[in-house]
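Asker: mind looking at a prediction? Sequence and model below.
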Amino acid sequence: MNRSIKLPIWFFAVGLLATAWNGLGVVAFVAETMLTSEQLTKLPEAQQAFYESRPIWALVAFGIAVFAGLLGSLSLLTKKSFSVTLFAASLLGLIGQNTYHFFIAKVQNTMPSNTFIMPAVVFTVAVALLFFSHSCSQKGWLN
């Protein structure tokens, strides 16, 4: 990146919001992986069955999605072009996670009818961040 380019303030606002968003994803991942058996028994039966039967690869995909997203956000804030690669990895992790949730475990059959809302929002944000970082890279804002 040419050091003389002054980036718009909204670039940093997007980067900070993306970092906060993906930080919340990491918190959710850690909370989910740290569920104790006592906490698990307090969940509805459908959720208990989901967590107990989920294969490790789906949990790994979740981890890749959130940690690559957080690292992508931080690298975007520091104007690094590899944020594009990290956001792409995050999106691929999200696709793997959602493939398990919706096509293999079919959580939509056992969970509330609003099950698709949050995953749709997460997917939309992940795609937007990938396109945003790619656009910033194309403009020469990232090095």
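Answerer: Nice, thanks for sending it over.

Asker: quick one: least confident helix or strand in this structure?
Answerer: None of the helices or strands of the chain scores lower by mean pLDDT, DSSP states H and E than helix 45-53, at a mean of 86.

Asker: and that one, what other elements does it pack with?
Answerer: When contacts are defined as 3 or more Cβ pairs under 8 Å, 6 or more residues apart in numbering; DSSP states H and E, helix 45-53 packs onto helix 37-41. Placement of C-beta: from N, CA and C, glycine included.

Asker: low-confidence regions, the chain specifically.
Answerer: Applying pLDDT under 70 to the chain flags residues 1-4.

Asker: now do the strands in it.
Answerer: Counting by DSSP state E, no segments of the chain form strands.

Asker: what's the longest helix in it?
Answerer: Longest helix of the chain, by residue count under DSSP state H: helix 9-33.

Asker: can you give me the angle the least confident helix or strand of the chain makes with helix 9-33?
Answerer: 90 degrees (axes from the mean of the first three to the mean of the last three Cα atoms, to 10 degrees).

Asker: thinking again about what came up before, report the buried residues of the longest helix of the chain.
Answerer: Residues of helix 9-33 classed as buried by neighbour count (16 or more other Cβ atoms under 10 Å): 11, 14-15, 18-19, 21-22, 25-26, 29.

Asker: Thr41 versus Asn22, what's the distance?
Answerer: Asn22 is 30 Å from Thr41, where distance means Cβ to Cβ, to the nearest Å.

Asker: which one of the buried residues of helix 9-33 is nearest to Gly96?
Answerer: Phe29 (13.7 Å; Cβ to Cβ).

Asker: so which elements touch the longest helix of the chain?
Answerer: helix 56-77, helix 117-138.

Asker: save those helices as TSV, and put in distance to Gln97 and mean neighbour count too.
Answerer: Output for the helices and strands packed on helix 9-33, formatted as TSV (distance: least, Cβ to Cβ, whole Å; neighbours: other Cβ atoms under 10 Å):
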stretch	distance to Gln97	mean neighbour count
helix 56-77	4	20
helix 117-138	9	16
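
Asker: need the ones you listed in TSV with distance to Val84, can you?
Answerer: Supplementary listing: those in TSV, determined by distance: least, Cβ to Cβ, whole Å:
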stretch	distance to Val84
helix 56-77	8
helix 117-138	5
